[in-house]
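In: Give me a 3D structure for the following:
(one chain, ligands or ions: 1)
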Amino acid sequence: MPTQPAVIPMRSEAGAPLSGTAGIPGDKSISHRALILGALTVGETRISGLLEGEDVIDTARAMRAFGAEVNHLGGGEWTVHGVGTGGFAEPDRVIDCGNSGTGVRLIMGAMATTPITATFTGDASLNSRPMGRITDPLALFGCQAVGRSGGRLPMTLIGARDPLPVRYELPMPSAQVKSAVLLAGLNAPGETVVVEPVATRDHTERMLEAFGADLTIEETGGGRILTLKGRPELRPQAITVPRDPSSAAFPVCAALIVPGSDILVPGIGLNPTRAGLYETLREMGAELTYENMREEGGEPVADLRARYSPDMTGIEVPPARAASMIDEYPVLSVVAANARGRTMMRGVAELRVKECDRIDAMATGLRDCGVMVEEGADWFAVEGRGPGGVRGGGLCKSHLDHRIAMSFLVLGLAAQEPVRVDDGSPIATSFPQFEALMTGLGANMRREDVQ
Ligand code: S3P
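Out: Next up, the predicted model:
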């Protein structure tokens, strides 16, 4: 039985300005991929700066269950001794991916073209999320899946004995689906082609190239065409994981709305397929600068400096930017509530199938805190109340979603009344240091006693 972590009620309220330096943990997307590609490669892959959050730890455990040797050397340093492409062993237990959609979907792809059977499960959030978007393309390789109604976990996959290469056009902008198809393509003969009408995060492509896979990327009017030659001899790598821009978003956004704040957030990955939030904040008038721009581990990186920004105004966020900031809309809506005027966010239907329905979760909590929000199937709009104008006072539900919990805790730091969050325990999936880091910057945030 998967164990559910204890509920952790939390609250935040206005207080001192935020100041100092925020050491953000490693990128979650890149951490999952480093473990999985390391497990598919013979020899020792070394990873530094791995995110040691629950989601990634679940992926490390899963890689062990598929036969890889995964060692934690301490302090973000890990090694993986992989089994090679097509070398996954059949796990002797159910693979529990906890809260992680990325973990389960990428691992399903990685095993789909190996003739083994594996059963996957997760927590209540993950077990309610759609997996058909993964099992549909994996079926084209010859992989069978049996799950619950609506294509939900728990689910058993029977990997293809004689996999066929596929050509697949993504029906939705999803890096998880793209990555699952590419990972499955590794053990199919011939060329697997993925057509991506809208560019999504490209960490899998970058890492496949670094491991020596033969991948060509063509930019066309109809999007990106990725062609992967199957059955490559992957070479083990030394990977340095950049710090996660999606986690950095929380202290950065908090500094923008808490009067008098000035913080430095060093070494943040600014891959253009991930950096849409920062572009948006700058368009809104945020005092946010990139310093010391450089490249680390094949990814562009900069130190972010964020200062209190009382002159921010609402904007229309271009829908074409949605994929590059899809995880940041919850915290953007908190900044929007503290800006002047309306912020319109369109083209965000994918938010409804994340760890929870993020449009509904943010709209409900923001309204409880005195902010007007309108929503439709694929959009939502926040009516800004201006600096210091958010009433607060709500008890906001996190719905087993780390980013919803952190967003409401940021909201409380600039609100007139404290904001309470029913359960902060999901924060440990992606950002276990969040509370300590925020209070270290001076944030007025704490756990409450369980009633
Ligand atoms: C991720 C892709 C995105 C994102 C998730 C991480 C990844 O999901 O929301 O947090 O690492 O590939 P989708 O692929 O569903 O858009």
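In: Can you tell me the SS state at the residue lying farthest from the centre of the chain?
Out: Farthest-out residue of the chain from its mean C-alpha position, per C-alpha atoms, centre = their mean: D162, at 32.7 Å. At D162, secondary structure determined by DSSP: H, G, I helix; E, B strand; the rest coil is coil.
In: Pull up the gap between it and A188, please.
Out: Separation of D162 from A188 (C-beta to C-beta, to the nearest Å): 9 Å. Every C-beta, even on glycine, is put in place using the N, C-alpha and C of the backbone.
In: Does the residue farthest from the centre of the chain touch F141 like I think?
Out: No: with contact defined as C-beta atoms under 8 Å, D162 does not reach F141; the gap is 9.7 Å.
In: got any ranges where the chain has weak pLDDT?
Out: Within the chain, the ranges that satisfy pLDDT under 70 run 1-5, 451.
In: which bits of it sit near the ligand?
Out: S29, T102, S174, A175, Q176, S179, R201, I326, D327, E350, K354 (C-beta under 6 Å from any ligand atom).
In: what number of residues lie near G314?
Out: Counted with other C-beta atoms under 10 Å, the neighbours of G314 add up to 20.
In: scratch that, D368 is what I was asking about
Out: 18.
In: what's it in contact with, if anything?
Out: The contact partners of D368, by C-beta atoms under 8 Å, 6 or more residues apart in numbering, come to G393, G394, L395, C396.
In: Which residue is the nearest non-sequential neighbour of the first one?
Out: Nearest-residue entry for G393: E417, 3.7 Å, with adjacent residues in sequence omitted and distances by C-beta to C-beta, 6 or more residues apart in numbering.
In: is the one you found in a bridge, and if so with what?
Out: G392 (DSSP bridges).
In: ok, it to the ligand distance?
Out: 31 Å (C-beta to the nearest ligand atom, to the nearest Å).
In: how about CSV for the contacts of D368, with neighbour count, secondary structure and distance to F66 added?
Out: Formatted as CSV, the contacts of D368 follow (neighbours: other C-beta atoms under 10 Å; DSSP: H, G, I helix; E, B strand; the rest coil; distance: C-beta to C-beta, whole Å):
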residue, neighbour count, secondary structure, distance to F66
G393, 15, coil, 48
G394, 24, coil, 43
L395, 15, strand, 42
C396, 26, strand, 38
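In: Just give me the closest of these to the ligand.
Out: Nearest to the ligand, judged by C-beta to the nearest ligand atom, of the contacts of D368 is C396 at 20.4 Å.
In: Tell me who's in contact with the closest one.
Out: T364, G365, D368, C369, I404, F408, L411, V419, R420, V421, D422.
In: hang on, the last one packs against A361?
Out: No: applying C-beta under 8 Å, one finds D422 not in contact with A361, separated by 11.3 Å.
In: Now do the shared contacts for those two.
Out: Taking C-beta under 8 Å, 6+ apart as the contact rule, D422 and A361 both touch K397, S398.
In: Which one of the two is surrounded by more residues?
Out: Legend: neighbour count by other C-beta under 10 Å for D422 and A361, higher for A361 (24 against 17).
In: what are the phi and psi values for the more buried one?
Out: With angles defined as degrees, to the nearest 10, A361 sits at phi -60, psi -40.
In: Against the ligand, how distant is it?
Out: Here A361 is placed at a distance of 14 Å from the ligand (C-beta to the nearest ligand atom).
In: how much space between N271 and L35?
Out: 19 Å.
In: who touches the closest residue to V382 other than its chain neighbours in this structure?
Out: Nearest non-adjacent residue to V382, counting by C-beta to C-beta, 6+ apart: A336, 4.0 Å away. Residues in contact with A336 (C-beta under 8 Å, 6+ apart) are M284, G314, T343, V382, G384.
In: So which of the residues you listed sit within helices?
Out: Among these, the residues falling in helices (DSSP state H) are M284.
In: Among the contacts of A336, which one is most surrounded by other residues?
Out: Among the contacts of A336, V382 has the most neighbours (other C-beta under 10 Å), with 27 neighbours.
In: Hmm, it is touching I315, no?
Out: No: counting by C-beta under 8 Å, V382 sits too far from I315 to count as a contact (11.0 Å).
In: count of neighbours near the residue of the stretch 1-150 of the chain at minimum distance from the ligand?
Out: As assessed by C-beta to the nearest ligand atom, the ligand sits closest to S29 within the stretch 1-150 of the chain, at 3.2 Å. Neighbours of S29 under the rule other C-beta under 10 Å: 27.
In: Chain neighbours aside, what residue packs nearest to it?
Out: Leaving out its chain neighbours, the residue that sits closest to S29 by C-beta to C-beta, 6+ apart is H203, at 5.2 Å.
In: again with E233
Out: G212 (6.9 Å).
In: Neighbouring strands of the helix or strand where L288 lies in the sheet, and parallel or not?
Out: In the assignment (DSSP states H and E), L288 maps to strand 287-296. If you go by DSSP bridges, strand 287-296 pairs up with strand 299-307 (antiparallel).
In: My guess is G76 contacts E52. True?
Out: Yes: at 6.7 Å, G76 counts as touching E52 under the criterion of C-beta under 8 Å.
In: what sits in contact with each of the two?
Out: Residues touching both G76 and E52 (C-beta under 8 Å, 6+ apart): G26.
In: what distance separates the helix or strand T364 falls within from the centre of its chain?
Out: Secondary structure from DSSP H and E places T364 in helix 358-368. In terms of C-alpha atoms, centre = their mean, to the nearest Å, the centre of helix 358-368 is set 20 Å apart from its chain centre.
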